[in-house]
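Asker: give the three-dimensional model of this entry:
(3 chains)
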Amino acid sequence: MVKNNIIVWFRNDLRVLDNPTLSKASKTDGNVIPLFILDKQLFNGARSSQNRNRFLIESLINLDNNLKKIKSRLIIAEGDPELILSEYCKKYEVSSVYISEDYTPYSIKRDNAVTNSLNKNGIQVNKFPGRLVVSNLDAIRTKTESIFKVYTPFYNNWSLIQRRQVCPIPEKINTPADIYSIELPKISDLDKKYLSPNVSLGGEDKALEIFNSFKSKNIFDYNEAHNDLPGDKTSRISPYLHFGCISALYMESSVGQSDGETAWKRQLCWRDFYNYILFNYPSNIRSEFQEKYRNLKWNNNDALLKAWQEGKTGYPIVDAAMRQLNNEGWMHNRGRLIVGSFLTKDLFIDWRKGEDYFQKMLIDGDISNNNGNWQWIASVGVDPAPVFRRIFNPTLQQEKFDPDGVYIKKYVPELKNVPLKYLGDPSLMPNDVQEESGCKIGKDYPFPIINHSEARKMTLEEFSRV
DNA sequence: TGAAATGTTGGGGCG
DNA sequence: ACGCCCCAACATTTC
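Answerer: The predicted structure is shown next:
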């Protein structure tokens, strides 16, 4: 009997459209076992997230449905991938395991271990592109063969790289009838403590619906409007990209060359860039890219951290953004910049604590992007700029990006009747205005937990010290 | 009505 | 791709 069955091991590529791994497998002679392994390290580990677990379960249900449309289905297993794969390979006469590229330190380590162990038993592991717009990250080098550390030159190079073809949905996948599968965990069994109430629905169908709507409308003024907090003209596609419910390359190939479309494609490049950076500098995962900033004396203050996490800093724009995160498991990009600057430059709290909290709450919580962006806003990473250019004044940010206070009032209801002129700093409200607006400072809404201009001075001093 | 106080705008420059 | 402070000069309000 010929062993020529294939396992398509799904991880962060939960889609059937433009999935090169699935597509290649569908073109071979053997049977295909689409397998997802619930990896407890990821599902319940230190950096797991209930919001993401729910999104994952929804995405897996949708993937199963979409596989059924092509006469297949998703097999679920639970445990250590190395053990599960060797068990399934033996039991179902599998000759090759097909996987999609994945560039985080954890996944590289995992994939190497799995590959070594399967190879010992004569089983091939074949890796295909699909996660990023471009692949073969180790081939991207400057003219002098060094690694890009600044975004714009990376972008210029990236723009010229030959793209692979988009893979259509396979017409049919031959999956044997008798493959053992467990049930997915129930969403109702997830720990409710960190489940946000208003999270968008996972899955490939939803991803395509959101993308199609974005690319026919908001993308055209993305260059102008992407910073508008209340209007929220962003694509909101990040969580779907994280789980691979939609392909970055497919999206890039589906949009045109207008200013808005080009500006949005630059965002896709940031994602490739930060994957590239973490791939080349895996130690960034826990330490600053810039050595000189590894000695900053961060303020280790749990009360301030908690106030930030809960959206109770007394700075309305910061609090609105943090409450959006807690409520939706998602935050507008401009909000992320504002709260990131506030945590690291005003409170002077270690960027890793911000990164951890984002990782816990965000449905798009993606190691490479999250790490790269936190290092960016903390001024300790690649793509450097002087620290004074990355200290945001929360009051000015509010005036620029939420001038009518619509975003603030949506997420911070206790400020609903506060006059616009006090939304930068409600503690400046005279007593009678506090009475009228039903917002007593210190009771209904906190005093500012820090003074911005003093904090700014101290941050600049500490940066110049090291 | 004038002078002082307060408000607005714009450019230089910051490691 | 992702700012802002400061200060000078000018404009407006206040008493």
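Asker: surely A:V199 and A:L362 touch.
Answerer: No. The pair A:V199 / A:L362 is not scored as a contact, 10.2 Å apart, by Cβ atoms under 8 Å. C-betas here are computed from N, CA, C, even on glycine.
Asker: how deep is A:S247 tucked in, by neighbour count?
Answerer: 28 (other Cβ atoms under 10 Å).
Asker: from the stretch 151-300 of chain A, which residue is nearest to DNA strand B?
Answerer: A:Q290 (8.7 Å; Cβ to the nearest atom of the strand).
Asker: and A:V2, what pLDDT?
Answerer: Note on A:V2: pLDDT of 57.
Asker: roughly how far is the lengthiest helix in chain A from the heart of the chain?
Answerer: The residue-count maximum for a helix in chain A (DSSP state H) belongs to helix A:259-280. On the basis of Cα atoms, centre = their mean, to the nearest Å, helix A:259-280 sits 13 Å off its chain's mean C-alpha point.
Asker: repeat for stretch A:219-234
Answerer: Worked out by Cα atoms, centre = their mean, stretch A:219-234 lies 19 Å from the chain centre.
Asker: how about that stretch: buried residues?
Answerer: A:219-222, A:226, A:228-234 (16 or more other Cβ atoms under 10 Å).
Asker: spit out the contact partners of the residue in chain A that DNA strand B sits nearest to.
Answerer: Taking Cβ to the nearest atom of the strand as the measure, chain A has A:P386 as its residue closest to DNA strand B, at 3.2 Å. Going by Cβ atoms under 8 Å, 6 or more residues apart in numbering, A:P386 touches A:S379.
Asker: can you list the residues of chain A near DNA strand C?
Answerer: A:152, A:226-227, A:263, A:266-267, A:270, A:333-334, A:337, A:376, A:385, A:388-393, A:396-397, A:400, A:452-453, A:456 (Cβ under 7 Å from any atom of the strand).
Asker: which of these are buried?
Answerer: Judged by 16+ other Cβ under 10 Å, buried ones among the residues of chain A next to DNA strand C: A:226, A:263, A:266, A:270, A:334, A:337, A:376, A:390-393, A:397, A:452, A:456.
Asker: in helices only, show me the residues you listed.
Answerer: If you go by DSSP H, these have A:263, A:266, A:270, A:334, A:337, A:376, A:397, A:452, A:456 in helices.
Asker: need those residues in TSV with pLDDT, can you?
Answerer: As requested, those are arranged in TSV below (pLDDT from 0 to 100):
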residue	pLDDT
A:A263	95
A:R266	96
A:W270	97
A:R334	97
A:L337	97
A:W376	97
A:Q397	94
A:H452	94
A:R456	95
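Asker: which among these are in contact with DNA strand B?
Answerer: Answer for those near DNA strand B: none qualify (Cβ under 7 Å from any atom of the strand).
Asker: closest to A:L160 out of those?
Answerer: Checking these against A:L160 with Cβ to Cβ, the nearest one is A:R266 at 14.4 Å.
Asker: for the stretch 51-200 of chain A, what spans make up the helices?
Answerer: Secondary structure of the stretch 51-200 of chain A (DSSP state H, counting those that start in this stretch): helices located at A:81-91, A:105-120, A:151-160.
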